[in-house]
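Participant: Got a predicted structure here, sequence first:
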Amino acid sequence: MTRTRKIAAALLAASAALLAIPPTASARPTPHTTLFRENFDRLPVGPVTAGRGWTTDTADGSLTVEPSTTGHGRELRLHTEGNGRAFLVLSDLAPPGNSFWARLRLRVNDFPTAPDWAHWTIAEASGSDVPTLVRPLGGQYVPTSQTNFRGVGSDLGATGDWTAWKTSAPATAATWQCVEFHLDASDNRVTVYLDGVEESELTVSTKEHGGTTDDFVFPTFDTLKLGWQLYQSDPTPSAYDVRMDDVALSTERIGGCAS
């Protein structure tokens, strides 16, 4: 074999070897991981205390699977009396990077109109390492405006008990809404979306939140509760109903909320 042919053969062999080497992990697109999904259609109609991958937490409250009010499939009805609670509970979460997206459809029949500053929670994320409770979906009745406003909140952590409600985010009763939130541990950031649109005024982060001057820091998430809890006694109205459907958690934004 001539010298020229030997060089060409060597180059061809080197090219083949390079093509045979798989791309590095950093070159591969990061796969989307579905952490949880539930639409309640496979559950029997009636009272429920557990489903696939979830349990319940109640006090003066109940969860019931019912035919969908929209005429398709089934949905979850959460009912409470007074300042009771009724939650669907996702345990043993271990989201990669301690961050995740959630999407669910919600319909709250009524919000409290008494007592003043009545405080309610729809979503609460927590971890066993520290007592901090992160509440991406919640709100408060503001007597000076005679209106309930939505707000992100937290409790039992270094920043104290707070709900950063905004007058630009009134809570709407008796209407189905598609709600998303993103918990991003890179900046301890909570971002909320309503019907596909970011509610930027509700965003909180490490330095920008509604509590003390301390940093707001996430726990290592292992539990998420979705449902309803009102904290003050003798509220008006005296009972509450929340409808929930199409619940999903993922490492990436799930979508499906755009009108």
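Facilitator: Thanks, I have the structure now.
Participant: mind listing the helices for the protein?
Facilitator: Counting by DSSP state H, one finds helices in the chain at the ranges 3-20.
Participant: Grab the longest strand from it for me.
Facilitator: Longest strand in the chain, counting residues (DSSP state E): strand 74-90.
Participant: same for it, what does it pack against?
Facilitator: strand 54-67, strand 223-230, strand 239-250 (3 or more Cβ pairs under 8 Å, 6 or more residues apart in numbering; DSSP states H and E). Heads up, the C-betas are built off the backbone N, CA and C, glycines and all.
Participant: List the buried residues of it.
Facilitator: Residues of strand 74-90 classed as buried under the neighbour-count rule (16 or more other Cβ atoms under 10 Å) are 74-80, 82-90.
Participant: Would you agree Phe149 is in contact with Gly138?
Facilitator: No. Using Cβ atoms under 8 Å, Phe149 makes no contact with Gly138, being 10.2 Å away.
Participant: about what we covered before: the helices and strands packed on strand 74-90 into CSV, with extra columns for distance to Asp129?
Facilitator: As requested, the helices and strands packed on strand 74-90 are arranged in CSV below (distance: least, Cβ to Cβ, whole Å):
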stretch, distance to Asp129
strand 54-67, 20
strand 223-230, 12
strand 239-250, 20
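Participant: Select, out of those, the one closest to Val108.
Facilitator: Val108 lies closest to strand 239-250 among the helices and strands packed on strand 74-90, at 5.2 Å (Cβ to Cβ).
Participant: Low-confidence stretches in this protein?
Facilitator: Under the criterion of pLDDT under 70, the regions of the chain flagged as low confidence span 1-31, 259.
Participant: Can you pull up the most central residue in the chain?
Facilitator: Ala102 (4.0 Å; Cα atoms, centre = their mean).
Participant: who's it bridged to?
Facilitator: Phe181, Leu249 (DSSP bridges).
Participant: which residues touch it?
Facilitator: Going by Cβ atoms under 8 Å, 6 or more residues apart in numbering, Ala102 touches Ala123, Pro136, Glu180, Phe181, His182, Leu183, Leu224, Val247, Ala248, Leu249, Ile254.
Participant: one more time with 10 Å
Facilitator: With contact set as Cβ atoms under 10 Å, 6 or more residues apart in numbering, Ala102 has these partners: 35-36, 90, 123, 125, 136-137, 179-183, 224, 226, 247-250, 253-254.
Participant: quick one: it from Trp228, how far?
Facilitator: Ala102 sits at a distance of 16 Å from Trp228 (criterion: Cβ to Cβ, to the nearest Å).
Participant: Kindly report the same for Ser250.
Facilitator: To Trp228, Ser250 is 23 Å away according to Cβ to Cβ.
Participant: Comparing those two, which residue is more hemmed in?
Facilitator: Residue environment comparison for Ser250 versus Trp228 gives the larger neighbour count to Trp228, 23 against 18, counting by other Cβ atoms under 10 Å.
Participant: is it true that the more buried one touches Ala86?
Facilitator: Yes. Using Cβ atoms under 10 Å, Trp228 is in contact with Ala86, at 5.7 Å.
Participant: can you list residues touching both of those two?
Facilitator: Each of Gly61, Leu78, His79, Thr80, Tyr240, Asp241, Val242 lies in contact with both Trp228 and Ala86 under the rule Cβ under 10 Å, 6+ apart.
Participant: Turn the residues you listed into CSV, columns for distance to Ala118.
Facilitator: Output for the shared contacts of Trp228 and Ala86, formatted as CSV (distance: Cβ to Cβ, whole Å):
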residue, distance to Ala118
Gly61, 16
Leu78, 18
His79, 18
Thr80, 13
Tyr240, 11
Asp241, 16
Val242, 15
